[in-house]
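Undergrad: turn this into a structure:
(chains A and B)
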Amino acid sequence: MIHFVLLVSRQGKVRLTKWYSPYTQKERSKVIRELSGVILNRGPKLCNFVEWRGYKVVYKRYASLYFCMCIDAEDNELEVLEIIHHYVEILDRYFGSVCELDLIFHFHKAYYILDELLIAGELQESSKKTVARIISAQDQMVEAAKEEAGSISYIIAQTT
Amino acid sequence: MSGMRGLSVFISDIRNCQNKEAERLRVDKELGNIRTCFKNDKGLTPYKKKKYVWKMLYIHMLGYDVDFGHMEAVSLISAPKYPEKQVGYIVTSCLLNENHDFLRLAINAVRNDIIGRNETYQCLALTLVGNIGGREFAESLAPDVQKLLISSSCRPLVRKKAALCLLRLFRKNPDVVNADGWADRMAQLLDERDLGVLTSSMSLLVSLVSNDYEGYSSCLPKCVKILERLARNQDVPQEYTYYGIPSPWLQVKTMRALQYFPTIEDPSTRRSLFEVLQRILMGTDVVKNADNQRKVYAMKFIDAFFLFAHLLGIVNNYICTCIYIYKERDILLPCHLIQYFSHVSLDLLYGMCDVSNAKGIVEELLQYLSTAEFSMREELSLKAAILAEKFAPDLSWYVDVILQLIDNAGDFVSDDIWFRVVQFVTNNEDLQPYAASKVREYMDKIAIHETMVKVSAYILGEYGHLLARRPGCSARELFGILHEKLPTVSSPTIPLLLSTYAKLLMHAQPPDIELQKQIWNVFKKYESSIDVEIQQRAVEYFELSKKGAALMDVLAEMPKFPERQSSLIKKVEDVEDTADQSAIKLRAQQLPSNALVLADPQPVNGTPPPLKVPSISGIKLDHESASQTQSQPNGDLSKVQSQIPSADLLGEMVDPLAIEAPPVDMGSHQRVYREEDGIPDEVDGTAIVPIGDQANKVEPIGNITERFNALCLKDSGVLYEDPYIQIGVKAEWRGHHGRLVLFLGNKVTSPLTSVQALILPPAHLKLELSLVPDTIPPRAQVQCPLEVMNIRPSRDVAVLDFSYKFGTSMVSAKLRLPAVLNKFLQPLQLTSEEFFPQWRSLSGPPLKLQEVVRGVRPLSLSEMENLFNSFRVTICPGLDPNPNNLVASTTFYSENTRPMLCLARIETDPADRTQLRLTVASGDSTLTFELKEFIKEQLIAIPMGSRALVPAVPVPAAPLAQPPSPAVDANDPGAMLAGLL
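TA: Sure, this is the predicted structure:
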């Protein structure tokens, strides 16, 4: 299973974290510090897998961002590497050539999408189209609620 | 993000902070702000709450400790509107972990959403539980989640989340899923058409069976079906293909699930699985340049690989072939797999090399040489040298490679390698000037390896004069440059250098007085050397060089070497002895080396070769190194030699391909010789041999009967072999089931077509052969699993009717399969308390049969014990008071008889070993009879001729209709048998 997902920029800024195994706040900071040290300093020609504390960390760099996932030693690392790529493709489709800025200002979207892709550290959906459909349905629901909130009848109902 | 301006502004502010300190200040300010807002809770709209909670998550992500506001995040979960609820769920699942106390507060709200009717809320709740649910969630929510997962009214959207949610709960508390109640539902879930649900369910299954596979066997065939659907039928919606491959993740997960089952009992499921795996492993449709696709293949490969290995219990050649294919297609494999196979892949590279890829492979080996482990370097260099020799597109390339090899890894280059290159240069006139100029270039290097000095000295001595017109290559200059190296070399090299000097002196035209003086000085200096060889040469060369014309005679150019098998290959063979490697060896041997195109050895016109000058032993080192017959005149020698290696080579072919083979007796070698000489070999009339189709002239190598007999006593070996194909067998037996894998190995460089294998089963066996491909590609090996089930005891033998086409000639063979009675026996040792009651209870015919057997092969008691044990009838020592008697027991398995205890007693007569009394007892009369006959056959020394009659005993009509067999020879027992069927 995937124990956690980590998005770190080349400067070491964290862009997204998702923990599927219980880590305390302290452990989380430590893991992030330790791993970004390891991964950011790796040469570009080294392979995408790092053995780390009995686990394997699979990472891949897209432009300025490193996508990392930590898995068990006996898991199939190539499978996870493709999950990373799959996630990036979905982000790309959603944002339209996604860049780091998209993920900074819309970090909550990245979380929504990740939740449609992974649950319990396992792949939930392998169709980009399905994920895109679900996310856009969610967006519509949020929009609809906002419109409703903006309507005069709602304001009146709130004040009375 | 239009809706949350405040959040965007905050993020921009953080980004604009110049340093960490400024960032901290900004964060602290924001936290203070949020804290105040949360404190006077009253005026907080859900929208504002939502905004603040997001900010908290952002701050948390930045690495700051957020120790308040968890309550607010959790409270959003029970908000009535979707946007707030969504944020509540996401932020809660990010900020908290399963051990957090606040989470308990949420259990009720979460449960309400799960059992509520709103599927959007169900999704949110399931996601939260799936991501951070702990033990308490497991206990209170598992039944609800299970209900959602199997509900027919829920949409896939909800069910796939429910599957993973249940997986999480199961991990937290395995008691929530009980195999008894759940296995059937799990199996039903695997029939799901929606691939999202199926993917999630498969993850659930992997987790369940990794914990305990028992109870889930009903899922096994479904998994195989799924794999078939994906990999074979490619029956998936377009959106579920990933780089053209149908849901690779699901494939990987399915294969992973299958790995947790110890075996697959059902033969047809097993066969289907093998077919699919072969398809996956061979990955025939990989596009060479599609980078992503290659990666996806690799990811599937790992699990397919391990599953395959798991099922077979071995890493066999087939797998190695796959790895090679992947390597060749540049498909990335994870490093652990590469490490795992680093040794295998070296052998593979060696074995798979052919003319087309040799250059690349040899260069790869050379490159690898400088980084390889020390322990591997010698083997590497040897193999690189052999490949270079075998597949050299031209000889100058070969010379380049060897020199480069010596230069890169001189320490690991054995003498054989440089002897070999010298041999080539000597035998190929065109090569001589090139080699000389090449070594001359190396001599310019500052530091060169001693082996390089040796090879250079030898070549320059012999052929240096061919370069005389080139700058820097006059005899005197060559001497100068060689002599520079002399102080650096060890004493075995000095005699070589002395010989070179003598040759240089002889070749110097016109005679060079200055050079002569220098060389004589050297000779004089070494006249008193402590090393006898050096001393002797120095003295003799000095004397000879004074004789002028006589020197020319003695130091004439070396004659051509008689062609013979490369000593290098011999060396490799000596090293290799494992079964896998022998396949490679065989490959390597069989290839006619196109590098070895040499002029016929010239008879030496009466003049004794210079080698024979007894004192100059150093020069003839090559001849010594490999030839024992050097005292013979060269012409004769070559004749003898040209035959012996080829015989050896064919002898090697008799060796197993990937599996252990019966020992090869000299008889088969002899037969091969005769074949070589064009004398048609007599048909071995003793066995079911290829139908005597004289026209095709393809004769089997080795004795088929003996091969069969050997295979009756062991589980792997060669069943049949001819110049084009080798059929190996590997078998596993379990109870009344068995699995034979036929390895069809094409030995030649062209494909074998119209391959057909038909099983003619006797009535008591059920046999299922998986698909045999129509064509076997050049030098490929195909595996065909064959499932065997024993229905009742019988000594009849199954026959494989095998045929293929090589070029235009049709070759066919009828082969007995070693699925014989004793394979269904299970050794069993009994104590006297167990034995005698059974023995007494089985009294008299037909359950107990006794016979005096005459004409027994005389065996000592211990030999007889071994014989019995070898066919799995266990001798129980000490049960019979008479030391000349043996008592044995075994268990027989068949579908009809159940496991059946069999007992036997052999009373021998020490005075006459050719007769004995045999008593066999079991609970089944047929079994008793068959077993008695079987043991009798094993004991009687049957002359080869009559033995073949055993299978020719009329077989009860088999249920299968027999297709007409071509060209039936009436005298051939095999053909007769086929006719009867």
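Undergrad: residue 26: which element?
TA: Just so you know, I chose chain A. Using DSSP states H and E, A:K26 sits in helix A:25-40.
Undergrad: wait, I meant chain B there
TA: helix B:20-39.
Undergrad: now that helix - C-alpha only, CSV.
TA: Only the C-alpha atoms of helix B:20-39 are listed here, as CSV (Å, rounded to 0.1, in the frame of the first residue of the first chain):
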residue,chain,number,x,y,z
LYS,B,20,11.5,32.1,6.7
GLU,B,21,11.2,34.7,9.5
ALA,B,22,8.7,36.8,7.5
GLU,B,23,6.8,33.7,6.6
ARG,B,24,6.5,32.7,10.2
LEU,B,25,5.3,36.2,11.2
ARG,B,26,2.6,36.1,8.5
VAL,B,27,1.5,32.6,9.5
ASP,B,28,1.4,33.6,13.2
LYS,B,29,-0.7,36.6,12.4
GLU,B,30,-3.1,34.4,10.4
LEU,B,31,-3.3,31.8,13.1
GLY,B,32,-4.1,34.5,15.6
ASN,B,33,-6.8,35.8,13.4
ILE,B,34,-8.3,32.4,12.9
ARG,B,35,-8.2,31.6,16.6
THR,B,36,-10.1,34.8,17.5
CYS,B,37,-12.7,34.1,14.9
PHE,B,38,-13.2,30.6,16.1
LYS,B,39,-13.5,31.8,19.7
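Undergrad: what helix or strand is the closest residue to chain B within chain A located in?
TA: Nearest to chain B in chain A, going by C-beta to the nearest C-beta, is A:L78, at a distance of 3.4 Å. C-beta here means a position set from N, CA and C on the backbone, and glycine is covered the same way. For A:L78, the element it lies in under DSSP H and E is helix A:77-95.
Undergrad: pull up the gap between B:L380 and chain A, please.
TA: Distance of B:L380 to chain A, given as C-beta to the nearest C-beta, to the nearest Å: 23 Å.
Undergrad: that residue: neighbour count?
TA: Using other C-beta atoms under 10 Å in any protein chain shown, B:L380 has 21 neighbouring residues.
Undergrad: isn't it right up against B:L369?
TA: Yes. Between B:L380 and B:L369 there is a contact at 5.3 Å, judged by C-beta atoms under 8 Å.
Undergrad: spit out the residues that contact the two alike.
TA: Common contact partners of B:L380 and B:L369 (C-beta atoms under 8 Å, 6 or more residues apart in numbering or on different chains): B:A409, B:F412.
Undergrad: show me what counts as buried in the helix holding B:R26.
TA: Going by neighbour count (16 or more other C-beta atoms under 10 Å in any protein chain shown), the buried part of helix B:20-39 is B:E23, B:R26, B:V27, B:E30, B:L31, B:I34, B:C37, B:F38.
Undergrad: report pLDDT for the fifth one.
TA: It stands for B:L31. B:L31 is assigned 88 on the pLDDT scale.
Undergrad: can you report how many residues neighbour the residue in the stretch 751-900 of chain B that chain A sits nearest to?
TA: Chain A sits closest to B:Q783 of the stretch 751-900 of chain B, with a gap of 24.6 Å, by C-beta to the nearest C-beta. Per other C-beta under 10 Å, the neighbour tally for B:Q783 reads 20.
Undergrad: double-check that it belongs to a strand.
TA: Yes. Counting by DSSP: H, G, I helix; E, B strand; the rest coil, B:Q783 is found in a strand.
Undergrad: tell me the bridge partners for it.
TA: Note on B:Q783: beta-bridge partners by DSSP bridges are B:F743.
Undergrad: got the contact list for the spatially most central residue of chain A?
TA: Residue closest to the mean C-alpha point of chain A, counted by C-alpha atoms, centre = their mean, is A:L114 at 5.0 Å. By C-beta under 8 Å, 6+ apart, A:L114 lies in contact with A:V5, A:L16, A:K18, A:Y87.
Undergrad: make TSV from those and add pLDDT, distance to B:D553 and neighbour count to it.
TA: Listed next are the contacts of A:L114 as TSV, based on pLDDT from 0 to 100; distance: C-beta to C-beta, whole Å; neighbours: other C-beta atoms under 10 Å in any protein chain shown:
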residue	pLDDT	distance to B:D553	neighbour count
A:V5	94	84	22
A:L16	91	88	19
A:K18	92	89	21
A:Y87	92	83	23
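Undergrad: what about those, which are in helices?
TA: Those of those mapping onto helices are A:Y87, per DSSP state H.
Undergrad: which stretches of chain A have low pLDDT?
TA: Residue ranges of chain A with pLDDT under 70: A:150, A:152-160.
Undergrad: can you name the residues in contact with the longest helix anywhere in it?
TA: Longest helix in chain A by number of residues, with DSSP H as the criterion: helix A:128-150. Residues outside helix A:128-150 that contact it (C-beta under 8 Å, 6+ apart): A:86, A:89-90, A:93-94, A:109, A:112-113, A:116-117, A:125, A:154, B:3, B:47, B:81-83, B:86, B:120, B:157, B:196, B:239.
Undergrad: please apply the same query to stretch B:457-464.
TA: Stretch B:457-464 is contacted from outside by B:422, B:425-426, B:432-433, B:435-436, B:439-440, B:443, B:473, B:475, B:478, B:482, B:493, B:496-497, B:499-504, B:507, B:557-558, using C-beta under 8 Å, 6+ apart.
Undergrad: and it, how far out from the chain's middle?
TA: Stretch B:457-464 sits 45 Å away from the centroid of its parent chain (C-alpha atoms, centre = their mean, to the nearest Å).
Undergrad: export that stretch as CSV, just CAs?
TA: The C-alpha coordinates for stretch B:457-464 follow below in CSV (Å, rounded to 0.1, in the frame of the first residue of the first chain):
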residue,chain,number,x,y,z
ALA,B,457,56.2,-9.2,-28.9
TYR,B,458,54.9,-12.3,-30.6
ILE,B,459,53.1,-10.5,-33.4
LEU,B,460,55.8,-8.0,-34.0
GLY,B,461,58.4,-10.7,-34.1
GLU,B,462,56.5,-12.7,-36.6
TYR,B,463,55.0,-10.0,-38.7
GLY,B,464,56.8,-6.8,-37.8
